[in-house]
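*Asks:* Below: sequence and its predicted model.
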4 protein chains.
Amino acid sequence: MIKVGVIGSTGYAGAELIRLLLQHQEAKIIWYGSKTYEGKEYSNIYKNMFHFVEATCLDEELEELSQQVDVIFTATPGGYSATGLNEKILKNTKVIDLSGDYRFSDTKVYEDWYKIKHYNQEINEQAIYGLCEINRKKIKEATLIANPGCYPTCTLLSLYPLIKEKIIDTASLVIDAKSGTSGAGRSATTGNLFCEVNESIKAYGVTTHKHIPEIEEQLSNFAGEKVTISFVPHLVPMNRGILITAYGNLAKEMSQEEIDTLYQKYYQEESFIRVRKSGDFPETKWVKGSNFVDVSTMIDQRNKRIIVMGAMDNLVKGAAGQAIQNMNLMFGIKETTGLMQVPMFP
Amino acid sequence: MIKVGVIGSTGYAGAELIRLLLQHQEAKIIWYGSKTYEGKEYSNIYKNMFHFVEATCLDEELEELSQQVDVIFTATPGGYSATGLNEKILKNTKVIDLSGDYRFSDTKVYEDWYKIKHYNQEINEQAIYGLCEINRKKIKEATLIANPGCYPTCTLLSLYPLIKEKIIDTASLVIDAKSGTSGAGRSATTGNLFCEVNESIKAYGVTTHKHIPEIEEQLSNFAGEKVTISFVPHLVPMNRGILITAYGNLAKEMSQEEIDTLYQKYYQEESFIRVRKSGDFPETKWVKGSNFVDVSTMIDQRNKRIIVMGAMDNLVKGAAGQAIQNMNLMFGIKETTGLMQVPMFP
Amino acid sequence: MIKVGVIGSTGYAGAELIRLLLQHQEAKIIWYGSKTYEGKEYSNIYKNMFHFVEATCLDEELEELSQQVDVIFTATPGGYSATGLNEKILKNTKVIDLSGDYRFSDTKVYEDWYKIKHYNQEINEQAIYGLCEINRKKIKEATLIANPGCYPTCTLLSLYPLIKEKIIDTASLVIDAKSGTSGAGRSATTGNLFCEVNESIKAYGVTTHKHIPEIEEQLSNFAGEKVTISFVPHLVPMNRGILITAYGNLAKEMSQEEIDTLYQKYYQEESFIRVRKSGDFPETKWVKGSNFVDVSTMIDQRNKRIIVMGAMDNLVKGAAGQAIQNMNLMFGIKETTGLMQVPMFP
Amino acid sequence: MIKVGVIGSTGYAGAELIRLLLQHQEAKIIWYGSKTYEGKEYSNIYKNMFHFVEATCLDEELEELSQQVDVIFTATPGGYSATGLNEKILKNTKVIDLSGDYRFSDTKVYEDWYKIKHYNQEINEQAIYGLCEINRKKIKEATLIANPGCYPTCTLLSLYPLIKEKIIDTASLVIDAKSGTSGAGRSATTGNLFCEVNESIKAYGVTTHKHIPEIEEQLSNFAGEKVTISFVPHLVPMNRGILITAYGNLAKEMSQEEIDTLYQKYYQEESFIRVRKSGDFPETKWVKGSNFVDVSTMIDQRNKRIIVMGAMDNLVKGAAGQAIQNMNLMFGIKETTGLMQVPMFP
């Protein structure tokens, strides 16, 4: 049984970790960390957990926690783990960090986009970017995982075969992303009130969103050359789900059939990537509550472009689910353990 | 392994049966029946099932099906099983009927409220009303289960201890119910279009809803005397969930504490009923996707009334989940098998 | 031209006042008061007003304001006007208070339910309860209007003929109310976040909601005897709209036709009350953005009860619209001025 | 008083025409045409119109109607007016067609994309594309207006200054569009049911949407050269609103300030275009129920691209509002008559 501690267990990503871990046969949660709700009964904050969790929220003492558990998930705001982690903790336990703190090979990029000072350059060097389908091998050996952001996960897995095979002209890449509101977290802000989000759609973080450099670093790795993208996220009046629609010029002449075959080749062994036929566009409702990414492509013949769509649950594959997938890999258990829920519809 | 056939597998309740049965360790679906989609790939209609189901929808030949399976679920419109079932089928297999066809001891009541002729009086006499928590013993012996309606399930379980103990004046009972839109089914009607349901609330079926006589028959059983209620259902712009708010005059002087103790006594052994403290009102979001009913009461001291609230997922405990709970009981396996999902929030 | 000041202009009710007053031919807003946003451009907070409003939010200096305007609307939290109003202000200007501070003949009732000390007993005695259809005559002479609460407005107008004519047994009255989320205001609280409200329904304020004594005082006035009710409000995942469903025993034998005739008699001259035929149930979507209340009744023959439904826009007839209707009456202009918008659907 | 007939008055666009025309001081509706609801009371279908409309739906006899009215609005499915209009009708009356039938200079393009035969080549030549801000002069003289599609209106007005001034490289243009569900019309289809649309987002009509050639023809006019675009629309779980996010390479070096100045120059005289500062992104909630288009741009310095966002109410500026704006122009009355509603929020 893997002993687990969750820091930030009362945010939406943290609560999703709890929900999934409670249904994981080989993990046992022994620490529900929460700065905001320390001392409160967990099941009184997330009442869906009533009769499942009897624990009370604990503080966020990483060092103490590291002596008691096999793995710590940090579902915390930017800066927390950049500051809080140290070698001692990492000697005691594995860490899967759901924040952006360890996602960049160069901490300067992090500092520029996050506007937060990074004090842990050496630890940053140990961190493995936990995009399971791509970095599976390194993840198995890792002590510290930087769990990818929600938009990056959806974007990267949707585009990987095209970039890797140099089918798309990366200079032309435009990614238009749409996310449900749980991605904004559970902090009480006017902008996230029901009446403000409901019955509306808007772009946000245009040219400044923190996931831009994260996507770019990974795409550059795939491409073997520097990639710069335009990426605009939008807020959609729904709880869960991310859809990305990516557009790029074809760098070589390809038929739709060849593209479909390529995606099959890349992903047929993957449990969590479902390649849909061209013309069968992904919808977030078909992946809700699950760890799947549904992907589909469509060549736009009239202008030699390819349009790629990917749909995913931002709280599962985009956060808690992928974090658990990383845990499974790190502990050598079956990668899909605890993650094969059928998506819930409607 | 229990071999299962589902008739009406492409309605919302049918699809929820499929979703839950796919995650049930002791059941195996071998027949996806659908009049509308016969010959179509199931996972092309419910694309959440992609990679889970490879089957094609079959017709609804009950007799043929009965020879191949241990249990048939009929998630069909009113009249289908009242007409289609026969002794031969019931000799071959068990049947759990999710429609209203076998829910009344007197088929005349059915005919009056449903405006459908009932041709199966004898079979009706074998049917057991599948409200698991109340009729558990009879269910274990049953061949034909009338799976309760969504509103009745929520209402009956919320009120049972009060009626049974004659704490509430049944003549004063008012039940105001609210349901998500999946309860209206998947038929394409103008009234259920997104723009018609969204951003609105309305009452419907006032004094005529088919669940009224069903609730009354069961409440009368509990009370040992004829009970007549006022019941008004409302359509809420959300996918899943039922909330009932019931009001009745106290028939005897009781403190809130005594009521709370009573509910604990009745329900502490029940896996799927979660009694919340008075003042902690149920919300449908805390039960979404699960088989739980959350119940709470509040004495209205100023007018000697008691207010009872119950929340539940209409597609799970109100349909597919309870049907599987019935199956578990009928086949002598653990009642909670395949039904202990943690509610999904948000 | 009526010169108008609005205190609390950046809450939802305040913003609705602004929206409606901008389209009112005989009113001119000269003061946008806001404690939270003082010094900020109004149209930068409510960007729907861009190109309509150039003003900057001002402080909430009532005395200064009272010298500049003909009428002040106070759309403020409980306690603000109970404390802030004085004789001097009321000598300078008329006041329409949208809070609960002056809605009770007995300030003790206010203090008990609102848990706020009331310092203005004498001023309270001048206040007229601004339920236009009922108190029209007094309103015309008033200096200080207590604009009714949203739930009370919908409940009182829906039930008035039945109570007045003693057709309903007031001791049996149960009112189950449902409101859109704008009723909860624009304060940033976790409970009103999109993901918390969306896809859920819940009761709140059971037995303690502040509108209970307000409804009871007015119903008692109608009945000529003390009325005590059970009232439970529910939060619905939509922006606007209130629906009340009221249940009561018939105190005399009446046919549905007689009831319908009665409602016609009471309301046929009223511009803002639309009596719908029995069986044609009100829906909030048909009144959205308008000052209408849609009412319908249904006798429940089987238990000699009557069910009354009323639907209304909580921000218009339930707040800003009725406030303007009061203003129109107080200034002797046509009651419907600026209020005849066709409801917006979908 | 302009006498008006509306064909297709019971679709969402038709009903929005009715709503707006009822509040138009110089128009009078004398014909409520509806194939589906002929003989039914209009206010029984759209109950928001109760007490406003007493008329009964009439058939769709264009010739008869043309003798009675000054203008006919056809809010009808593709093919209706391509077939039904003739010279005689156009001699009697003006026609504003909200369908796509007369939007193309070349009927062959129409036939290719709409898969409908066009029988009215000569009449097509008289049609003026009713994008008011661009074609104002021609509209004033027109007899037949092709009222622009919703996506084209939003896209064209958002991009016009950039295309006209050749600031954007048209070959690189990508338009990602998002629409509320009222754009899908009121036909009862499974795909538009509440539970299917709610809590999900999807792309549709990828590379095949009928608005693609319409946008391309107009952009080509602006540019003076053939423009081919990538355009992907998405369905958003909300009733009203369109947001487009357009991406293109800068064809010349421009500062954000210069772009802002340009938009001001182009649009400062326009009543219905609200240019927002860069960084202040349009949201559909700020234009709901109004005829405004809110536009904003943002230079993406890192890759020399410009991102343009436009938000609009699809039923108003995207359909009924613009149709009335066209009517106002054609009859020589003030362009904004009946169209200056303050957007409704929340």
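*Replies:* Good, I have the coordinates.

*Asks:* other SSEs contacting the strand ranked longest in chain A?
*Replies:* Secondary structure of chain A per DSSP state E: the longest strand is strand A:168-179. Contact partners of strand A:168-179 among helices and strands, from 3 or more C-beta pairs under 8 Å, 6 or more residues apart in numbering or on different chains; DSSP states H and E: helix A:150-164, helix A:211-223, strand A:230-235, strand A:242-250, strand D:168-179, strand D:242-250. No exception for glycine: its C-beta is placed from N, CA and C like everyone else's.

*Asks:* export those to TSV and tack on mean pLDDT and mean neighbour count?
*Replies:* Below are these laid out as TSV (pLDDT from 0 to 100; neighbours: other C-beta atoms under 10 Å in any protein chain shown):
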stretch	mean pLDDT	mean neighbour count
helix A:150-164	98	26
helix A:211-223	98	21
strand A:230-235	98	24
strand A:242-250	98	25
strand D:168-179	98	24
strand D:242-250	98	25
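
*Asks:* okay if I get those as JSON lines plus distance to residue B:266?
*Replies:* Formatted as JSON lines, these follow (distance: least, C-beta to C-beta, whole Å):
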{"stretch": "helix A:150-164", "distance to residue B:266": "44"}
{"stretch": "helix A:211-223", "distance to residue B:266": "51"}
{"stretch": "strand A:230-235", "distance to residue B:266": "45"}
{"stretch": "strand A:242-250", "distance to residue B:266": "44"}
{"stretch": "strand D:168-179", "distance to residue B:266": "50"}
{"stretch": "strand D:242-250", "distance to residue B:266": "52"}
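
*Asks:* Residue D:225 is nearest to which of these?
*Replies:* strand D:168-179 (7.4 Å; C-beta to C-beta).

*Asks:* Tell me which strands that closest one pairs with, and in which orientation.
*Replies:* Using DSSP bridges, the strands paired with strand D:168-179 are strand D:230-235 (parallel), strand D:242-250 (antiparallel).

*Asks:* what is the orientation angle of the following helix or strand past the last one with strand D:242-250?
*Replies:* What it means is strand D:242-250. Beyond strand D:242-250 on the C-terminal side, the first helix or strand identified by DSSP states H and E is helix D:256-267. With axes from the mean of the first three to the mean of the last three C-alpha atoms, to 10 degrees as the basis, helix D:256-267 and strand D:242-250 are set at 130 degrees to each other.

*Asks:* downstream neighbour of helix D:256-267 in the secondary structure list?
*Replies:* strand D:273-275.

*Asks:* partners of the following helix or strand past that following strand in the sheet?
*Replies:* As assigned by DSSP H and E, the chain's next helix or strand after strand D:273-275 is strand D:293-300. When pairing is defined by DSSP bridges, strand D:293-300 lines up against strand D:273-275 (parallel), strand D:305-312 (antiparallel).

*Asks:* Between helix D:150-164 and the longest one, find me the angle.
*Replies:* With the same axes, to 10 degrees as the criterion, the two stretches strand D:305-312 and helix D:150-164 enclose an angle of 140 degrees.

*Asks:* Return the distance of strand D:305-312 from the chain's centre.
*Replies:* 17 Å (C-alpha atoms, centre = their mean, to the nearest Å).

*Asks:* Please provide the alpha-carbon coordinates for that strand, formatted as CSV.
*Replies:* Output in CSV follows, covering the C-alpha atoms of strand D:305-312 (Å, rounded to 0.1, in the frame of the first residue of the first chain):
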residue,chain,number,x,y,z
ARG,D,305,0.8,38.1,-34.9
ILE,D,306,-2.3,40.1,-34.1
ILE,D,307,-5.1,38.6,-32.1
VAL,D,308,-8.6,40.1,-32.6
MET,D,309,-11.6,39.5,-30.4
GLY,D,310,-15.2,40.4,-31.2
ALA,D,311,-18.3,39.7,-29.0
MET,D,312,-21.9,40.1,-30.0
